[in-house]
Every structure is written in C-alpha cells, then in structure tokens.
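1. Can you look at this prediction? I've put the sequence above it.
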Amino acid sequence: MWCNGPVWGPGYGWWFMPLFGMVFMVIFLYVISRIFGNSGAHGSFPCGRHASRKDQDDIVELKEEIRELRTEIRSLKENKKSKQ
C-alpha cells in the first residue's frame, strides 16, 4: 500500500484521450445525421424520403396520359384493320 516514489494516477499523460473521444463522437453524429437525415436537397440515403404532393400529382397525371395514349393506339390499330 505504501510506496517510496511518485505515484501517478491512472492514465497519467493520457488526459487528452477523453477529448479525442468526444470530438470523434461529435463527428460521428454529424456524419450519421447527414446520411440519414433530411438535410439538403439530395441525401445519400433515401430512407424516410417520400415524394412530395406535387410529384405524386405529376405521377398521376402522367399515368392518365399513358392510359389515353394506349386507348388511342388501340383505336388507330382497329381503324387500320377495318380499312384493310
């Protein structure tokens, strides 16, 4: 229990390691929030991102236009067959 020399505490000379750990954790949380968060226009990970209402309306509009074009193609094919 008693010793005849200087007694240093645990980790003497390495007092700055918890500071490095804290800096590492802050950087890690920042990177994770950039990957999974909704920060920025285009994230690198599409988790949790949904199309906006305008995009959904555009999709519905395009699907209807495709249906109309298909019916027009069918009618043109029928007209062509009836002329022959």
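-> In hand now; what should we look at?

2. which element follows whatever helix or strand F24 lives in toward the C-terminus?
-> F24 is part of helix 17-36, with elements assigned from DSSP states H and E. Toward the C-terminal end, the helix or strand that comes next after helix 17-36 (DSSP H and E) is helix 53-83.

3. Which neighbouring elements make contact with that next one?
-> Using 3 or more C-beta pairs under 8 Å, 6 or more residues apart in numbering; DSSP states H and E, no helix or strand is in contact with helix 53-83. (C-beta placed from N, C-alpha, C; glycine too.)

4. For the helix holding F24, list the C-alpha coordinates in CSV.
-> Taking C-alpha atoms only, helix 17-36 is exported to CSV below (Å, rounded to 0.1, in the frame of the first residue of the first chain):
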residue,chain,number,x,y,z
MET,A,17,-7.9,10.9,-24.8
PRO,A,18,-11.4,11.7,-23.5
LEU,A,19,-11.3,14.9,-25.5
PHE,A,20,-10.4,12.9,-28.6
GLY,A,21,-13.3,10.6,-27.8
MET,A,22,-15.7,13.5,-27.5
VAL,A,23,-14.6,15.0,-30.8
PHE,A,24,-14.9,11.6,-32.5
MET,A,25,-18.4,11.2,-31.2
VAL,A,26,-19.5,14.7,-32.4
ILE,A,27,-18.0,14.0,-35.9
PHE,A,28,-19.7,10.5,-35.9
LEU,A,29,-23.1,12.0,-35.0
TYR,A,30,-22.7,14.7,-37.7
VAL,A,31,-21.9,12.1,-40.4
ILE,A,32,-24.8,9.9,-39.4
SER,A,33,-27.2,12.8,-39.3
ARG,A,34,-26.1,13.8,-42.9
ILE,A,35,-26.5,10.3,-44.1
PHE,A,36,-29.9,9.5,-42.6
